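> this one's sequence-less:
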C-alpha cells in the first residue's frame with residue numbers, strides 16, 4: 001500500500017491507522033504561531049463507525065488504502081440486512097441496512113449501487129447521486145405566490161420529507177439528490 005505524508009491527507013481518503021481502516025471526513029490544516037504546521041484530521045472507522053480526531057505532521061507517514069469498487073444490484077431486505085447481487089458473477093452478499101443511514105429509504109428494488117470492498121470485506125455502499133421519487137402529499141399551489149426562494153414541504157413515496165418548489169403538484173415524479181437529500185429537478 002502507498003504511504004503518504006500527513007499533509008497530503010484529503011477528505012474521502014481511506015487510511016490504515018492503528019490497525020483499523022478509517023475514512024478521512026474533515027481535514028483542517030493548522031499553522032500555529034509556534035511549532036510546525038499539522039493537519040487536524042477527523043476520521044470515521046469504516047468497521048465500527050466510531051470517530052477519531054488525530055493530528056498528522058508533514059513528516060508522519062500514513063498508509064493510504066484503495067478500496068475496490070463493484071456494482072451490486074439490490075434484491076431484497078431481510079431481518080435488517082440488505083441483500084445485493086454482483087451483476088457479473090451473480091454472487092450475493094448481505095450488508096446491514098444501517099450502512100446507508102438516512103439514505104436507506106431511497107434504495108429501490110433492482111437499483112444498482114456501488115459497494116466498496118477491502119480484501120473481499122464489504123465496507124461501504126453508495127447510492128446513485130440522483131433518484132426518481134413520486135410526490136405523495138404536498139400543499140396545493142397558492143396563486144400569486146412568488147417562485148423566488150419559496151419552497152413548500154412534500155412527502156415522497158418512500159416517506160421522506162423534502163422541500164419542493166411551489167409548481168410541483170401531488171403525484172408528480174421528481175429527482176432527488178441523495179447526497180444532500182434535496183429536490184433536484186422534475187423527472
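It's in. Bear in mind the structure is a predicted one, so any value in this text is a computation, not a measurement.
> Helix or strand: which one has residue 21?
Here residue 21, judged by DSSP states H and E, is contained in strand 20-30.
> what pairs with that strand, and is each one parallel or antiparallel?
Within its sheet, and counting by DSSP bridges, strand 20-30 is paired with strand 14-17 (antiparallel), strand 38-45 (antiparallel).
> Could you look up the next helix or strand downstream of the last one?
Along the chain past strand 38-45, the next helix or strand (assigned with DSSP H and E) turns out to be strand 51-57.
> Return the list of helices and strands in contact with that next one.
Counting contacts by 3 or more C-beta pairs under 8 Å, 6 or more residues apart in numbering; DSSP states H and E, strand 51-57 is packed against strand 38-45. For the C-beta atoms, the positions are set from N, CA and C on the backbone; glycine is no exception.
> In the strand it packs on, which residues are buried?
Residues of strand 38-45 classed as buried: 38, 39, 41, 42, 43 (neighbour count, 16 or more other C-beta atoms under 10 Å).
> Against which helices or strands is the least confident helix or strand in the chain by mean pLDDT packed?
The helix or strand of the chain with the poorest confidence is strand 121-126; it has a mean of 82 (mean pLDDT, DSSP states H and E). Other helices and strands packing on strand 121-126, by 3+ C-beta pairs under 8 Å, 6+ apart, are strand 92-96, strand 112-118.
> For the first one, which outside residues touch it?
The reference is to strand 92-96. 72, 75, 80, 81, 82, 83, 84, 85, 86, 115, 122, 125 (C-beta atoms under 8 Å, 6 or more residues apart in numbering).
> how does this structure divide up, domain by domain?
With automatic domain parsing as the criterion, the domains of the chain are listed as 3-65, 68-126, 130-186.
> if we can go back for a sec, turn the strands paired with strand 20-30 into a markdown table, columns for mean pLDDT.
What follows is the strands paired with strand 20-30, written out as a markdown table (pLDDT from 0 to 100):
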| stretch | mean pLDDT |
| --- | --- |
| strand 14-17 | 89 |
| strand 38-45 | 91 |
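> Quick check: which ranges of the chain have low pLDDT?
Across the chain, the ranges flagged by pLDDT under 70 are 1, 142-149.
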